[in-house]
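Undergrad: after the sequence you'll find the predicted model.
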Amino acid sequence: MSWLDAFKQLVYDYAGLLLDGTVAEQRLQQHLQQMQQQLGLDTEHLLKHLQQSRPELNNLISQLTVNETYFFREPEQINLFVQQVLPQLLSLAEKRPLRILSAGCSSGEEPYSLAMAILEAHGEQTLERIAIDAGDVDLNILAKAREAIYSAFSFRGMQDEIRNHYFSAEGQVYRLHEHIRTHVQFFPLNLKDADYPAERGLYDAVFFRNVSIYFDEHTRQNIQHRFNRIMQPEAVLFLGTAETMANDFGLFSLCESHGLYYFAKGTQLQPAAPERLAHSADNHSHARQRPATPAVSTPLPDLQLIRQLLHEERYDEAGSKLQLLLTAGQHKPEAQLMQAWLQLNKGDLAAAGRQLDSILQSDPWCLDALLARGLCSKWQADHNSAAKQFKTACYAHADSWLAHYFYGDILRLSNQPQIARGPLQVARRILSTSLEADTGCRWLPLAPAPQDALLLIERQLLGLKPGHMPHTEAET
Ligand SMILES: C[S@@+](CC[C@H](N)C(=O)[O-])C[C@H]1O[C@@H](n2cnc3c(N)ncnc32)[C@H](O)[C@@H]1O
């Protein structure tokens with residue numbers, strides 16, 4: 001076993017994380033080197049130190065976890081749970097309080113979304129009856145979750161109305177109101193531990209979404225057996241939409257409702273009649289207030305400055321400057337493109353879609369517009385249109401790793417793993433040649449960090465192999 005393998009094994013034994021592929025290994029190596037420098041230890045002594053020092057090992061784990069999450073991620077599932085499954089759970093439990101667990105909760109967006117969705121759909125009394133626990137192995141991210149302060153990027157799947165109702169803006173960030181914040185109890189949870197925190201009691205619903213991608217089948221099976229032990233006799237388990245099939249080990253019944261899946265322990269939780277999904281992606285088309293028209297004499301802002309503001313997620317400042325340009329009729333296509341990005345980030349998908357369609361009518365090969373339009377369709381759950389837009393982007397910009405990555409990813413999500421492999425491999429080849437490779441995008445911050453993208457692509461390609469998971473949700 002090489003020295004690096006020994007560290008990989010330590011991480012696997014402790015948290016179940018698989019560090020396969022060059023990027024994951026490079027990331028591990030980089031953090032180990034930093035630790036060696038800080039602690040003045042050679043590799044052999046560092047390994048011993050990590051084996052003995054839990055805080056130090058936790059620090060390393062925290063560097064290796066992928067914490068990508070956002071509010072109302074996969075909103076159809078949240079609504080299926082809140083509007084269809086939860087009422088059944090409540091009636092089965094009669095007057096007893098219910099308990100929900102978000103396992104692998106990252107910075108808290110998932111459990112807080114559940115609390116908000118329950119309150120919106122069923123009111124205060126029901127929320128009071130439901131305790132929400134949330135755990136993660138990454139102690140640093142748990143501290144962030146408890147703090148409950150978020151940047152605009154966490155709200156890309158959420159309606160403005162809900163955000164404004166539950167958060168207070170503080171400069172560029174948003175602070176969650178105490179009422180929801182204190183409703184979620186965060187605690188350290190290592191899903192690899194044989195002993196789950198049984199003292200916390202049994203759960204009626206477990207959310208384990210977008211976490212299983214980091215584990216091998218053996219670990220995934222073990223985790224499910226442990227969930228079984230901490231679930232009530234009639235309880236449900238939700239995984240990310242694309243993860244569910246790879247986690248069907250026959251332990252729970254697989255239930256389907258309108259193309260959405262979850263697992264049920266027991267026999268009484270059958271899918272009921274369809275309900276309207278209050279936060280579903282295509283429900284984001286409500287009108288927004290336009291900023292007041294600015295004075296004509298104001299000097300026009302520089303396009304590059306606005307671009308920079310977008311990249312720094314300073315959306316309010318970018319928005320008011322864009323409005324000046326649009327009112328003056330200056331730099332129309334670029335200003336419209338950036339405005340569409342603002343709309344996308346506010347969750348106003350319908351308006352963003354219209355804006356991007358109009359840009360593409362006059363410039364059908366504009367890469368920024370094609371990719372943004374593809375993302376917009378994807379977030380509207382229209383995977384066919386998204387695939388078309390990403391495919392066009394690949395033809396028009398064959399050197400763009402981002403176009404190939406988005407195309408491969410949407411094919412993977414659309415259950416076409418065989419076709420997905422090609423574009424994902426192209427994206428990997430371009431990025432492996434140089435992490436500096438140009439995305440081809442000129443205006444919008446569409447790309448994840450190249451290192452993260454390469455890591456995800458490698459995982460996704462591994463997941464397409466027989467015997468591995470067929471597909472998992474993109475981190476975009
Ligand atoms: C991509 S986030 C998913 C967040 C959220 N569930 C969602 O769907 O948006 C994955 C989280 O799983 C956590 N995780 C990884 N290994 C874990 C383990 N062994 N025990 C508990 N959490 C773990 C990571 O720290 C990370 O925060």
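TA: That came through fine. Worth saying up front: this structure is predicted, and the values here are computed from it rather than measured. Residues are numbered from 1 along each chain as shown.

Undergrad: if I look at residue 83, how far off is the ligand?
TA: 19 Å (CB to the nearest ligand atom, to the nearest Å). C-beta: built from backbone N, CA, C; applies to glycine.

Undergrad: from memory that residue sits against residue 126, does it?
TA: No - assessed by CB atoms under 8 Å, residue 83 is found out of contact with residue 126, at 11.9 Å.

Undergrad: beyond the helix or strand harbouring residue 386, next helix or strand please.
TA: In this assignment (DSSP states H and E), residue 386 forms part of helix 383-396. For helix 383-396, the following helix or strand on the C-terminal side (DSSP H and E) is helix 401-413.

Undergrad: neighbouring contacts of the helix holding residue 386?
TA: 364-365, 367, 370-371, 373-375, 377-378, 400, 403-404, 406-407, 410-411, 413-414, 423, 426 (CB atoms under 8 Å, 6 or more residues apart in numbering).

Undergrad: list the buried residues for the helix or strand hosting residue 429?
TA: Using DSSP H and E, the element containing residue 429 is helix 417-433. By 16 or more other CB atoms under 10 Å, the buried positions in helix 417-433 come out as 417, 420-421, 423-424, 426-428, 430-431.

Undergrad: then stretch 85-102?
TA: For stretch 85-102, burial by neighbour count (16+ other CB under 10 Å) applies to 85-86, 88-90, 92-93, 98-102.

Undergrad: stretch 447-467 too?
TA: Result for stretch 447-467 [16+ other CB under 10 Å]: buried residues 447-448, 450, 453-461, 463-464.

Undergrad: is it up against the ligand anywhere?
TA: No - for stretch 447-467 and the ligand, the contact criterion (CB under 6 Å from any ligand atom) is not met; the two come no nearer than 10.4 Å.

Undergrad: what lies in contact with that stretch?
TA: With contact meaning CB under 8 Å, 6+ apart, stretch 447-467 is reached by 20-24, 26-27, 66, 213-214, 217, 246, 401-402, 405, 408-409, 412, 417, 420-421, 424-425, 427-428, 431-432, 435-437, 439, 441, 468-472, 474-476.

Undergrad: where in this protein is pLDDT low?
TA: Across the chain, the ranges flagged by pLDDT under 70 are 197-198, 270-300, 465-476.

Undergrad: can you tell me the closest non-neighbouring residue to the spatially most central residue of it?
TA: The chain has residue 69 as the residue nearest its centroid, 3.3 Å off, counting by CA atoms, centre = their mean. Spatial nearest neighbour of residue 69, chain neighbours left out: residue 106 (4.3 Å); criterion: CB to CB, 6 or more residues apart in numbering.

Undergrad: how far away is residue 367 from residue 407?
TA: Going from residue 367 to residue 407 by CB to CB, to the nearest Å gives 12 Å.

Undergrad: again, but for residue 337
TA: 20 Å.

Undergrad: and these two? Which one has more around it.
TA: Ranked by neighbour count (other CB atoms under 10 Å), residue 337 and residue 407 place residue 407 first, with 30 against 23.

Undergrad: pretty sure the more buried one sits against residue 423.
TA: Yes - counting by CB under 8 Å, residue 407 touches residue 423, with 4.3 Å between them.

Undergrad: in which helix or strand would I find residue 168?
TA: strand 167-170.

Undergrad: after that strand, which helix or strand is next? Please name it.
TA: Using DSSP H and E, the helix or strand that follows strand 167-170 towards the C-terminus is strand 173-176.

Undergrad: helices or strands up against that following strand?
TA: Strand 173-176 sits against strand 149-151, strand 167-170, with contacts defined as 3 or more CB pairs under 8 Å, 6 or more residues apart in numbering; DSSP states H and E.

Undergrad: buried residues of it, list them for me.
TA: 174, 176.

Undergrad: nearest to the ligand, of the buried residues of helix 417-433?
TA: The closest of the buried residues of helix 417-433 to the ligand turns out to be residue 424 (CB to the nearest ligand atom; 18.8 Å).

Undergrad: how about the nearest residue to the closest one, chain neighbours excluded?
TA: Nearest to residue 424 is residue 408, by CB to CB, 6+ apart, at 3.5 Å.

Undergrad: endpoint to endpoint, stretch 341-351 covers what distance?
TA: One end of stretch 341-351 sits 10 Å from the other (CA to CA, to the nearest Å).

Undergrad: list the contacts of that stretch.
TA: Taking CB under 8 Å, 6+ apart as the rule, stretch 341-351 contacts 152-153, 155-160, 281-282, 284-286, 288, 310, 315, 318-319, 322, 340, 352, 355, 372, 375-376, 379-380, 443-445.

Undergrad: how many residues are close by residue 227?
TA: Using other CB under 10 Å: residue 227 sits among 22 other residues.

Undergrad: quick check: it is in a helix.
TA: Yes - under DSSP: H, G, I helix; E, B strand; the rest coil, residue 227 sits within a helix.

Undergrad: okay, strands next: where are they in the stretch 1-150 of the chain?
TA: 98-103, 130-136, 149-151 (DSSP state E, counting those that start in this stretch).
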